[in-house]
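J.: Sharing a sequence plus its predicted fold:
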Amino acid sequence: MQQRTLGTRTVGAIGLGGMPMSIEGRPDESRSIATIHAALDAGVTLVDTADAYHRDAGEVGHNEELIARALRTYPGAADDVLVATKGGHLRPGDGSWTLNGRPEYLKEAAKASARRLGVEAIGLYQFHRPDPDVPYADSIGALRDLLDEGVIVMAGISNATVAQIDEANEVLGGRLVSVQNQFSPAFRSSLVELEHCAALGVAFLPWSPLGGIRRAGAVGEHHTAVQTVADAHGVSPQQIALAWELSLAPVVIPIPGASRPTSITDSVQATELVLNADERAALSSDG
């Protein structure tokens, strides 16, 4: 698999998004662990999660704990796997999402995530979503303190604007390593943030890179160019969508969600695809 740089780490060009394995419609645990193991077998070394990736009110951190179990039971070497988690976005258990960007909360949430993951320091911790009731610099200040205290190794942000990217990087003293925003053939408004990250040399991690759980299976139906290029290469449209995103900048690391081994195994093959200039142009205009 192609490699990408994420802060101080080298990771595979495709990551695994753990969210579908813990929210509504999730598979049983054995299939989820098999999916994570299949990702590692395929060379995936970045696994994305969050303390809010759970379904019910009493299971905060469900996905973090699931990933920790999968890594512990993996028969191969997993020392090079970077687990990225997030805090500041909560699910009360009624299907809604709430926000808490208070510094004191983020610090405790990060420590709780570290315990669930079974690590002394979280490899990459990201502020999940800006809280309008808390100054952004205050929330990012909590990440700065976590870095300085050694609770986390690297810091990132999610769902951020260009201005917030610059503000976060300033508060962190130039130590911002990642931005995780929604981006896919169906959702391109984060292209400006992607390009800004490329200029800064900050990793850009598209979440829902295939359009989300409901659209991922039909990305070729929604985007004619994706299907046309997929047919020409004899591969799935999902591979083409991911290959297009990878072609946009060397800082892009898509993190497709998966709940079946076959899904992530197919996605990883996107790193071997080479798109020509005409194909990239057609895909870029098929919004």
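T.: Alright, I've got the coordinates. What you see is a predicted model, and the numbers here were worked out from it, not measured in a lab.
J.: what about the spatially closest residue to D266 that is not a sequence neighbour, distance to P27?
T.: Once flanking residues are discounted, D266 sits nearest to S236: 5.5 Å by C-beta to C-beta, 6 or more residues apart in numbering. The way it works is simple: take the backbone N, C-alpha and C, and place the C-beta from them, glycine included. Here S236 is placed at a distance of 20 Å from P27 (C-beta to C-beta, to the nearest Å).
J.: quick one: which of these two has more around it?
T.: Neighbour count, other C-beta atoms under 10 Å: between S236 and P27, S236 has more, with 20 against 15.
J.: and that one, what is it in contact with?
T.: Contact analysis of S236 by C-beta atoms under 8 Å, 6 or more residues apart in numbering lists 220, 230, 266.
J.: list the buried ones in stretch 265-278?
T.: By neighbour count on 16 or more other C-beta atoms under 10 Å, the buried set for stretch 265-278 is 265-271, 273, 275.
J.: out of these, who's nearest G93?
T.: The nearest member of those to G93, counting by C-beta to C-beta, is S267 at 29.9 Å.
J.: Any idea how many residues pack against the closest residue in space to that closest one that isn't next to it in sequence?
T.: Spatially, and ignoring its direct neighbours in sequence, S267 is nearest to P256 (4.7 Å; C-beta to C-beta, 6+ apart). Using other C-beta under 10 Å, the number of residues around P256 comes to 28.
J.: who's in contact with P256?
T.: Going by C-beta under 8 Å, 6+ apart, P256 touches 14-17, 209-210, 216, 238, 242, 263-264, 267.
J.: Secondary structure and pLDDT for the residues you listed - can I get that in JSON lines?
T.: JSON lines is the format used below for the contacts of P256 (DSSP: H, G, I helix; E, B strand; the rest coil; pLDDT from 0 to 100):
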{"residue": "I14", "secondary structure": "coil", "pLDDT": "98"}
{"residue": "G15", "secondary structure": "coil", "pLDDT": "98"}
{"residue": "L16", "secondary structure": "strand", "pLDDT": "98"}
{"residue": "G17", "secondary structure": "strand", "pLDDT": "98"}
{"residue": "P209", "secondary structure": "coil", "pLDDT": "98"}
{"residue": "L210", "secondary structure": "coil", "pLDDT": "97"}
{"residue": "A216", "secondary structure": "helix", "pLDDT": "92"}
{"residue": "Q238", "secondary structure": "helix", "pLDDT": "98"}
{"residue": "L242", "secondary structure": "helix", "pLDDT": "98"}
{"residue": "S263", "secondary structure": "helix", "pLDDT": "97"}
{"residue": "I264", "secondary structure": "helix", "pLDDT": "98"}
{"residue": "S267", "secondary structure": "helix", "pLDDT": "98"}
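J.: Now render these as a markdown table, adding distance to A112.
T.: Output for the contacts of P256, formatted as a markdown table (distance: C-beta to C-beta, whole Å):
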| residue | distance to A112 |
| --- | --- |
| I14 | 28 |
| G15 | 23 |
| L16 | 22 |
| G17 | 21 |
| P209 | 28 |
| L210 | 30 |
| A216 | 30 |
| Q238 | 34 |
| L242 | 32 |
| S263 | 29 |
| I264 | 27 |
| S267 | 30 |
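J.: So which residues of the stretch 101-250 of the chain form helices?
T.: According to DSSP state H, counting those that start in this stretch, the stretch 101-250 of the chain carries its helices in the segments 103-117, 136-149, 162-171, 191-200, 219-222, 224-233, 237-248.
J.: from what I can see T73 touches A34, true?
T.: No. Between T73 and A34 there is no contact under C-beta atoms under 8 Å: 10.4 Å.
J.: Looking at the two, which one has more neighbours?
T.: Neighbours were counted for T73 and for A34 using other C-beta under 10 Å; A34 has more, 15 against 11.
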